[in-house]
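Participant: Sharing a model that was predicted from the sequence below.
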Amino acid sequence: MTESTQPAVKDQIREFIQENLASVKGISSFRDDESLMDNGVIDSLGIFRLVSFLEENFGVRVSDEEINPENLKSVDSIEQLLIAKSKK
Amino acid sequence: MDFAWTEEQAAFRKEVIRFARTELNDDLERRDREEEFPFDFWKKCAQFGIQGLPVPTEYGGGGADTLTTVCALEALGYGCKDNGFLFSLNAHMWTTVIPLMGFGTEEQKRKYLPKLISGEWIGLHCMTEPMSGSDAYSLRTRAERKGDRYVINGTKTFITNTIHGDLFIVFANVDPSKGANGVTGFLIEKGHPGLIVGKKLHKMGLRTSPMSEVALVDCEVPAENILGKEGSGQAIFTHSMEWERTCILASHLGMMQRLIETCVKYARERQQFGQPIGKYSAIANKIADMEVRLETGRLLLYKAAWLKSQGRHALREASMAKLYVSEATVQTCLDAIQIHGGYGYTTEYEMERDLRDAISGKIYSGTSEIQKVIIAGFQGL
């Protein structure tokens, strides 16, 4: 993953969250920097659905230690996690 | 795909069965009746290396992968009929040892893992509360920060291993306004002021495994007792549950195999209307169904364990394994009793105890209904 792919990655993350996690809870929009845990979009099960999506679509392994609110709270933080993992 | 155990795993499995049969069955009928936990079994298992199986060798563990671990647990369930004891063993491993490994600081690991592996200490976690079971993160226990310490208040119930427990992982919310993201795990040792083990709860099954309430009354602990970070309780609990749901019913696979073998032997020997009852399709079909359930359960449980051995997440697969194997074991116990008729209903034949024990598998570690919620949740429902 490179810096130039960022918009596409972010779009994919946002689209997955909107279609699979937000819409079923009646939430139609959210900002990229908005905490999706505070607004109820991502719950305990949603975290693992999100992790499965990231692992399957971006070929990364998200460790148990990385599954925390700091990394997964918003579209921006999820994107940052992917960028950080791609640099390792 | 490779569906065979390696030579080493197969040999280990045989050794576990021999150990379990000879060392872990004494006086079970009385102990079940009197609800007595077998401390000597705990020590023997530790000496054999069970408690530390999945723990890295640098902490004194066996360094086994998840598949090898479930191989051993299945063998334990086959050789040991004390399902309550095996439940206590599992609770210790998946709700204390594993979260410590995953989220503990190096200091916490060095301090606690050797004692938990050696059989010196028994571990447990305290999550469920009178008003929060399936909706676990709505817990009411609070941890209020005061300087570099936390003061914990709340009540826990249906807690396994409490009466003999040495290390408690207590989940409390440090900031209710954050909801589940305020849930935090705290390491608290037995005898700590404010940590009170309450009345023993008597159960239908798993009677050799102690269970009780726990109260936290102005229980003050230093900030370094936090497991992981403040607010990481949800991740810790889910991590524990993924492991537990993958592994805890491996012993039920062993139990089902033992029951099938008992039924086959009985169906061949028991004569009615001039021939063995196994010659009647009514009996033979039951045994065929039992076989299919066992093999299906193995496939689901081994798949979840294989994923974890690969370092991958298996929350969905673990839920499938837990749901299926727990339900399959109850049905297998019922079939075994039915095949044995009046004998099967007696305490002497031991199947009624297996049934009482097996029913709890549909409740602990997330009810069957909750496993279905998780499985459907992965489909966006």
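Facilitator: Arrived safely.
Participant: Give the rounded mean pLDDT of stretch B:218-229.
Facilitator: Per-residue pLDDT over stretch B:218-229 has a mean of 96.
Participant: The stretch 151-300 of chain B: helices as residue ranges?
Facilitator: B:233-247, B:250-269, B:281-309 (DSSP state H, counting those that start in this stretch).
Participant: Is the first one in proximity to chain A?
Facilitator: Spelled out, it's helix B:233-247. Yes - Helix B:233-247 lies within reach of chain A by CB under 8 Å from any CB of the partner chain, at B:234-235, B:238-239. No exception for glycine: its C-beta is placed from N, CA and C like everyone else's.
Participant: Filter those residues down to the buried ones.
Facilitator: Those of the residues of helix B:233-247 next to chain A that meet the buried threshold are B:234-235, B:238-239, by 16 or more other CB atoms under 10 Å in any protein chain shown.
Participant: and residue B:190, what does it touch?
Facilitator: Contacts for residue B:190 (CB atoms under 8 Å, 6 or more residues apart in numbering or on different chains) come out as B:165-168.
Participant: Relative to residue B:175, how far out is it?
Facilitator: Separation of residue B:190 from residue B:175 (CB to CB, to the nearest Å): 28 Å.
Participant: So for chain A, the centremost residue is which one?
Facilitator: residue A:78 (4.2 Å; CA atoms, centre = their mean).
Participant: re earlier: kindly present the helices of the stretch 151-300 of chain B as CSV, with separate columns for mean pLDDT.
Facilitator: Shown next, in CSV, are the helices of the stretch 151-300 of chain B (pLDDT from 0 to 100):
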stretch, mean pLDDT
helix B:233-247, 91
helix B:250-269, 98
helix B:281-309, 97
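Participant: Pick the most buried one from those.
Facilitator: Counting by mean count of other CB atoms under 10 Å in any protein chain shown, helix B:233-247 has the highest mean neighbour count of the helices of the stretch 151-300 of chain B, with a mean of 26.
Participant: how distant is that helix from the center of its chain?
Facilitator: Averaging C-alpha positions (CA atoms, centre = their mean, to the nearest Å) puts helix B:233-247 11 Å from its chain's average.
Participant: And stretch B:195-212, by the same measure?
Facilitator: On CA atoms, centre = their mean, the centre of stretch B:195-212 falls 15 Å from the chain's centre.
Participant: Pull out the buried residues from it.
Facilitator: B:195, B:197, B:203, B:205-212.
Participant: and if you look at stretch B:327-339?
Facilitator: B:327-330, B:332-333, B:335-337, B:339.
Participant: Spell out the residue ranges of the strands in chain B.
Facilitator: B:123-126, B:142-146, B:149-160, B:167-173, B:183-189, B:195-200, B:211-222, B:226-227, B:271-272, B:275-276 (DSSP state E).
Participant: Tell me which of the helices of the stretch 151-300 of chain B lies nearest to residue B:17.
Facilitator: Nearest to residue B:17, of all the helices of the stretch 151-300 of chain B, is helix B:250-269, at 8.3 Å by CB to CB.
Participant: any idea of the angle the closest one forms with helix B:281-309?
Facilitator: Relative orientation of helix B:250-269 and helix B:281-309, computed by axes from the mean of the first three to the mean of the last three CA atoms, to 10 degrees: 160 degrees.
Participant: Show me what helix B:250-269 is packed up against.
Facilitator: Counting contacts by 3 or more CB pairs under 8 Å, 6 or more residues apart in numbering or on different chains; DSSP states H and E, helix B:250-269 is packed against helix B:66-79, helix B:83-92, strand B:275-276, helix B:281-309, helix B:315-344, helix B:351-359.
Participant: 7 Å instead?
Facilitator: Applying 3 or more CB pairs under 7 Å, 6 or more residues apart in numbering or on different chains; DSSP states H and E, we find helix B:250-269 packed against helix B:66-79, strand B:275-276, helix B:281-309, helix B:315-344, helix B:351-359.
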